[in-house]
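Student: Build me a structure from this.
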Amino acid sequence: MLLTTDYLTFLIIVLSAMVLDSLIGDPRILPHPVRLMGWAIEAFEGIARRMGSGKLFERSAGVVLVIVIAGITFALSFAVQSGVLRCPSGPVRSAGVLFLVYLAASTLALKELLKAGLSVIAAVRADDMTLARHRLSFIVGRDVRRLGRDGILRATIETLSENLSDGVIAPLFYLTLGGIPCALAYKAVNTLDSMVGHRNERYNYLGWASARLDDAANYLPARISALLIAFAAAIVLTSPARARAALATVRRDGRKHTSPNSGYPEASMAGALRVRLGGLLTYGGITVQKPYIGVPGGADYLTASLRTVSVVRVASYVGFLCAIVAISLGVVL
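Tutor: All right, here's what the predicted structure looks like:
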């Protein structure tokens, strides 16, 4: 049995990336690939809108936008990863491996996700709803000005559940499947969706391709996240019955969400914690009645939100362990 050097190096990179994300998250003083992607998307949009308009033009421009941003991201990161792994042992390879660790860590967002959720919960616990709404506004797309205590906490539970998939499990999935190029290409697609994949007059056509590709990219990770949430809930709440309730709620309510993917982790969390999510929400001044996910249970929303943080943390660690096991299977020939 022989060790494959590239697989072993990659295993070390992924392990180190997990530790790095857990320790420092996303320091604003460091350049981040997602911010560079955002700048490139804004620049492309500005050029496209000066060149033309109309349904056909904007849809075509949207397809080109996805190909350019995701394609360049994949190509550049593939060249960097290949160059580093082919480099002979020495200071240059060591520096390159450290850079790959940073790139891999930049695709993960567990620390920042938990920090954002806990900051909202802390403000609610201090009975400062103004501060809680302000902090919540940075992590959700809905209008938060009229949200009460339970509305704030429901939104926090929903965004923690959904972003477990987008910010942790999906990047890990693609990191395991195709290395750093695939993980960064996923982040490019996810960033495209968050910036232009909106169903409104401005982006209905330009962002169509980005939104559809993001739906496809998150199809499996969202469903994996639902399973991990159920498993983690059984551990956190020391009750296998919570896992069964989570999976039953996924089967019943997972498809109710307007997103083809977001409903699965949200339904799993709602079932595990015995709370109800969804309902009457406001986006850009427009009130929307979203289907309810889950049923009212015994836990209040503050207790449920704190448990959500614990479930997301444990689900992420289990996901990390699964990724390490999957990569390790490729280490030994």
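Student: Can you give me the neighbour number for residue 146?
Tutor: The burial count assigned to residue 146 is 8, neighbours taken as other C-beta atoms under 10 Å. For glycine as for every other residue, the C-beta is placed from the backbone atoms N, C-alpha and C.
Student: ok so it is a helix residue?
Tutor: No. Secondary structure assignment (DSSP: H, G, I helix; E, B strand; the rest coil) places residue 146 in coil, not in a helix.
Student: correct me, but it touches residue 282?
Tutor: Yes. At 7.1 Å, residue 146 counts as touching residue 282 under the criterion of C-beta atoms under 8 Å.
Student: Could you find the closest non-adjacent residue to residue 289?
Tutor: For residue 289, ignoring the flanking residues on the chain, the nearest one in space by C-beta to C-beta, 6 or more residues apart in numbering is residue 280 at 5.5 Å.
Student: For the one you found, give its distance to residue 291.
Tutor: Per C-beta to C-beta, to the nearest Å, residue 280 is found 11 Å from residue 291.
Student: Compare the two (neighbour count), which wins?
Tutor: Between residue 280 and residue 291, counted using other C-beta under 10 Å, residue 291 has the larger neighbour count: 13 against 9.
Student: Okay, and the residue nearest to residue 289 sits in which element?
Tutor: Using DSSP states H and E, residue 280 falls within strand 277-283.
Student: Who does that strand pair with, and is each partner parallel or antiparallel?
Tutor: strand 286-293 (antiparallel) (DSSP bridges).
Student: and residue 81, what does it touch?
Tutor: Going by C-beta atoms under 8 Å, 6 or more residues apart in numbering, residue 81 touches 100, 179-181.
Student: Sitting in helices, which of those do you find?
Tutor: Within the contacts of residue 81, residues falling in helices by DSSP state H are 100, 179-181.
Student: Closest to residue 152 out of those residues?
Tutor: Nearest to residue 152 among the ones in helices among the contacts of residue 81, counting by C-beta to C-beta, is residue 180 at 36.5 Å.
Student: so how many other residues sit close to the closest one?
Tutor: Neighbours of residue 180 using other C-beta under 10 Å come to 25.
Student: for it, what are its contacts?
Tutor: 13, 77, 80-81, 100, 103-104, 107.
Student: Narrow those to those in helices?
Tutor: The members of those that map onto helices under DSSP H are 13, 77, 80-81, 100, 103-104.
Student: of all the residues you listed, which comes closest to residue 268?
Tutor: Nearest member of the ones in helices among the contacts of residue 180 to residue 268, counting by C-beta to C-beta, is residue 104, at 26.5 Å.
Student: Now do the phi/psi pair for the closest residue in space to residue 145 that isn't next to it in sequence.
Tutor: Distance criterion C-beta to C-beta, 6+ apart; nearest residue to residue 145, sequence neighbours excluded, is residue 133 at 6.6 Å. Main-chain torsions, residue 133, degrees, to the nearest 10: phi -60, psi -40.
Student: Isn't the residue nearest to residue 289 up against residue 154?
Tutor: No. Residue 280 is beyond contact range of residue 154, at 11.0 Å (criterion: C-beta under 8 Å).
Student: just to revisit the earlier point, run the chain-centre distance for the strand holding residue 280.
Tutor: Chain-centre distance of strand 277-283: 21 Å, with C-alpha atoms, centre = their mean, to the nearest Å.
Student: repeat for stretch 132-143
Tutor: That offset, for stretch 132-143, works out to 17 Å (C-alpha atoms, centre = their mean).
Student: May I see the buried residues of that stretch?
Tutor: For stretch 132-143, a neighbour-count test (16 or more other C-beta atoms under 10 Å) marks 132-133, 135-137, 139-140, 142-143 as buried.
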